[in-house]
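Q: Sequence and predicted structure, then a few things I'm wondering about:
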Amino acid sequence: MTDTFASPAAIRIDCGPVTLSGRRVLEPLALTLAERRIGIVGRNGSGKTTLLRLIAGLVAPASGGVRMGEVDPFADRRGALSAVGILFQNPDHQILFPTVEEELAFGLTQQGRSRREALAEAHRALAEAGRAHWASAAVSTLSGGQRQFLCLLSVLLMRPQTLLLDEPFSGLDLPSIRRMERRLAGLSQRLITISHDPAALLGTERVIWLEAGTVRADGPAARVLAEYRAEMERLGAEDADADLAG
Amino acid sequence: MLTLTSPVETRYHRWSAGVKLAALAGFTLVLFGVDAAALPPLALIAIAAAYLAQGTAFALLGLRLLRPLWPFVALILVWHLWQGDPGRGLAIVLRMLAALAAANLVTLTTRLTDLLAVIERLCRPLSPILPPRRLALAFALAIRFLPAMALHLSHLREAWSARSPRRPGWRVLVPAVLAALDDADHAAEALRARGGTD
């Protein structure tokens, strides 16, 4: 995984609202994402995860859509697999298979590799990560941090040009966070990272602040994060988080 | 079945899963198909020898796995004793024990993935209506999510007990079912994120 991704195609979002079970989660959006390190901040329920799922092609907007080069990730699932990979916030929502090697091999077989090739590749990736002994381990025996790492490795194996990370550090202990940060920093893919913690996004080139399903601010990380932090402190001084969604 | 595979590597581990399953099928067929008084005890002795050949610890493990059968053994023996035909009852019990011990021996010495590969191969003629990869996926998902559901249920029981002096009983079943449906939604999305079921 030392190969470089010369220039991942820009992601163009131009779409109508996204409605999930009757609730408007995202307002109409027009965004072009071309930077290599992008952060998304926002409060709980602001639509961050839905935006990520929209980019990944897992939900469809009412009109318009998302394009990465020629690929529409919602309509063209086969093309989407090499264009974009998503790391869910909860690893247990991502892991589909009972053993580590099967989990790793699955995405590769979906990309058209034979089962034998896929398993060999999975073993190679594990060995490279110094975890060859994980291969036949049951996923249920892994710790939270180890599961998160397994999910990241499964997605990386598919070599998508853009990686979508939904709160990649939530639920990890400090050493696991540092290891994960190191691993992510070394990647040449485009990373779009969701976080509610401004400090985690300081290294990004561009930060998008979502509020109530719409872009509240969009620009260089330092400026947007400072504005975001100031607003969160202001809200925190009042009675926060009493409104119900809907 | 999920955790039955023996951690002790035996000679039988190296035999092909297909051969073992075919032998098991043949063994069971003869055991129940041939009506000879000498057959059931001989079959049981043969299976016991197969276990003992891999050491007493392994044989004891095999014996322990037969323990859940004892109520049935007792029931069958008592019934036939009452019917005045204890010999017949004994033959049935010996057959049952031999068949189960043989099946356990195969399960103990075969990796799950190898068993599934055989099933996939056998189901290949059905591929127009049941694509083999979809079948394999169904097996894998069941193996992944059955323990996850059991874990979820135990969490719900704990959450109940933490705030109630009464035992949770059936009341946690509804949230457990809802959680399972939720898990299914998440699994469907994870599946779609990595290429769906084709």
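A: Perfect, I can see it now.
Q: switch to C-alpha atoms for all contacts and neighbour counts from now on
A: Noted.
Q: Is A:L163 part of a helix or strand, or is it coil?
A: Per DSSP: H, G, I helix; E, B strand; the rest coil, the local secondary structure of A:L163 is strand.
Q: Sorry, slip of the keys, the one I care about is A:L210.
A: Using three-state DSSP, the structure places A:L210 in strand.
Q: what sits opposite it in the beta ladder?
A: Listed beta-bridge partners, A:L210: A:G42, A:V215 (assigned using DSSP bridges).
Q: mind listing what it touches?
A: A:40-43, A:46-48, A:216-217 (C-alpha atoms under 8 Å, 6 or more residues apart in numbering or on different chains).
Q: Go ahead and build a PyMOL selection from the buried members of those.
A: The buried residues among the contacts of A:L210 can be selected in PyMOL (16 or more other C-alpha atoms under 10 Å in any protein chain shown) with this line:
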select buried, chain A and resi 40+41+42+43+46+47+48+217
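Q: I'd like to know which of the contacts of A:L210 is nearest to B:A159.
A: Of all those, B:A159 sits closest to A:R43, with 27.8 Å by C-alpha to C-alpha.
Q: phi, psi of the nearest residue to the closest one once chain neighbours are set aside?
A: Spatial nearest neighbour of A:R43, chain neighbours left out: A:H196 (6.4 Å); criterion: C-alpha to C-alpha, 6 or more residues apart in numbering or on different chains. Per-residue torsions, A:H196: phi -100, psi 0 (degrees, to the nearest 10).
Q: Looking at A:H196 now. What's its pLDDT?
A: pLDDT recorded at A:H196 is 80.
Q: What are the boundaries of the helices in chain A?
A: Assigned by DSSP state H, chain A shows helices spanning A:48-56, A:77-83, A:100-110, A:115-128, A:144-157, A:174-185, A:221-237.
Q: I'd like the ones you listed laid out as TSV, including mean pLDDT.
A: TSV is the format used below for the helices of chain A (pLDDT from 0 to 100):
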stretch	mean pLDDT
helix A:48-56	94
helix A:77-83	89
helix A:100-110	90
helix A:115-128	93
helix A:144-157	91
helix A:174-185	87
helix A:221-237	92
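Q: Tell me which of those sits nearest to B:L137.
A: Set against B:L137 and scored by C-alpha to C-alpha, those come closest in helix A:100-110, at 9.6 Å.
Q: Specify the angle between the closest one and helix A:144-157 in degrees.
A: Inter-element angle recorded for helix A:100-110 and helix A:144-157: 20 degrees (by axes from the mean of the first three to the mean of the last three C-alpha atoms, to 10 degrees).
Q: just checking, what packs against helix A:100-110?
A: For helix A:100-110, the packing partners by 3 or more C-alpha pairs under 8 Å, 6 or more residues apart in numbering or on different chains; DSSP states H and E come out as helix A:115-128, helix A:144-157.
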